[in-house]
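**Q** just to be clear, the model below is a prediction. Sequence and coordinates:
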Amino acid sequence: MSKGNERYMILEKAVGETPLECAEKWRRTRPDLTGVPLAYAGRLDPMASGQLLILIGEECKNQTAYHDLDKEYEFEILFGAASDSGDVLGMIEEGGKKNIESEKITETLKSLVGQIELPYPIFSSKTVKGKPLHTWTMEGRLNEIEIPTRKSEIYELELLETRELSREEVAKIAMEKIETIPPVTDLRKALGNDFRRPEVGEKLAKLCQLFPPTKRPLHYRQNPLPLLKRHLHAHPSGNYC
């Protein structure tokens, strides 16, 4: 049994680490948790760092009570380029230099406050007919399904700063993030799980030589605990034993 009456633990997930890897790494430091069920209440994708809420033992049965906790994110957006995955793990295409003023960004942020409904990213782990969206995408079968959407409420959006980076800095930051994810060597799991590392790396190396100075790539941080300023509802939770 675990020590005391622990119901949950807050862990710090690193970039490149999955929630499962983060939780299991912590479990190895706690011999008393051997055989004790754990569940993570809210997901963080591999490119995100932040706090991960882990439920322990009997508290896993109350997982649904944690599904709608609000979260706060800090994120950075790259202007002048786009990718098919919406982040640096995708196949990046240059869009040209974008001269976007801070006032325009602030105006746009205000228009996004309130109720929103957005489709799940096609490279997400959201399941459709028992299969993750990223697998449907890699199989080229998105035309066979309807991409689900998710409703959320944004309470506040604030522009903290803008900055410009050189092409070399953009390439370095993106490649460092990609390299934090261990390669998948099991062929049975490679489809949709290895993030097309060789292809993305080659594409990025070529295109980053063409990028003009621009904003930094996407990266965000979340906190699943109650906050003074509520920003965004939690993503669907995962669980395991």
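**A** Cool, the structure landed.
**Q** and Arg10, helix, strand or coil?
**A** Just so we're on the same page, residue 10 is Ile rather than Arg. Three-state assignment for Ile10 (DSSP: H, G, I helix; E, B strand; the rest coil): strand.
**Q** so it versus Asp32, what's the distance?
**A** Separation of Ile10 from Asp32 (CB to CB, to the nearest Å): 18 Å. No exception for glycine: its C-beta is placed from N, CA and C like everyone else's.
**Q** could you do Ile173 as well?
**A** Noted for Ile173: a distance of 40 Å to Asp32, by CB to CB.
**Q** over to Gly50?
**A** 26 Å.
**Q** repeat that for Arg197.
**A** Taken as CB to CB, the span from Arg197 to Asp32 is 37 Å.
**Q** and if you look at Ile100?
**A** According to CB to CB, Ile100 and Asp32 sit 52 Å apart.
**Q** what's the answer for Lys110, then?
**A** Distance from Lys110 to Asp32, by CB to CB: 49 Å.
**Q** same deal with Asp68?
**A** Distance from Asp68 to Asp32, by CB to CB: 31 Å.
**Q** settle it for me: which of the two has more neighbours?
**A** Legend: neighbour count by other CB atoms under 10 Å for Asp68 and Asp32, higher for Asp32 (12 against 9).
**Q** distance of that one from Gly57?
**A** 11 Å.
**Q** next one: Gly114
**A** 38 Å.
**Q** the more surrounded of these two?
**A** Legend: neighbour count by other CB under 10 Å for Gly114 and Gly57, higher for Gly57 (17 against 10).
**Q** could you list the low-pLDDT ranges of the chain?
**A** Counting by pLDDT under 70, the chain contains low-confidence residues at 1-4, 183-195, 207-241.
**Q** can you give me the helices in it?
**A** Per DSSP state H, the chain carries helices over the ranges 19-27, 102-112, 133-138, 167-179, 187-190, 197-207.
**Q** quick one: closest of those helices to Lys126.
**A** helix 133-138 (5.1 Å; CB to CB).
**Q** show me what counts as buried in stretch 66-81.
**A** Tyr66, Leu69, Asp70, Lys71, Glu72, Glu76, Leu78, Phe79, Gly80, Ala81 (16 or more other CB atoms under 10 Å).
**Q** including distance to Lys129, could those residues go into JSON lines?
**A** Below are the buried residues of stretch 66-81 laid out as JSON lines (distance: CB to CB, whole Å):
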{"residue": "Tyr66", "distance to Lys129": "26"}
{"residue": "Leu69", "distance to Lys129": "28"}
{"residue": "Asp70", "distance to Lys129": "30"}
{"residue": "Lys71", "distance to Lys129": "28"}
{"residue": "Glu72", "distance to Lys129": "33"}
{"residue": "Glu76", "distance to Lys129": "34"}
{"residue": "Leu78", "distance to Lys129": "33"}
{"residue": "Phe79", "distance to Lys129": "36"}
{"residue": "Gly80", "distance to Lys129": "37"}
{"residue": "Ala81", "distance to Lys129": "32"}
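**Q** keeping just the C-alphas, turn stretch 108-122 into CSV.
**A** Provided in CSV are the C-alpha atoms of stretch 108-122 (Å, rounded to 0.1, in the frame of the first residue of the first chain):
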residue,chain,number,x,y,z
THR,A,108,-7.4,38.8,-32.0
LEU,A,109,-7.0,37.3,-28.5
LYS,A,110,-9.9,39.3,-27.2
SER,A,111,-12.1,37.8,-29.9
LEU,A,112,-11.3,34.3,-28.8
VAL,A,113,-12.4,34.7,-25.2
GLY,A,114,-15.6,32.8,-24.3
GLN,A,115,-17.1,29.5,-25.5
ILE,A,116,-15.2,27.9,-28.4
GLU,A,117,-15.5,24.6,-30.3
LEU,A,118,-12.5,23.3,-32.2
PRO,A,119,-11.7,20.0,-34.0
TYR,A,120,-9.1,17.7,-32.5
PRO,A,121,-5.8,17.8,-34.3
ILE,A,122,-5.4,15.1,-36.8
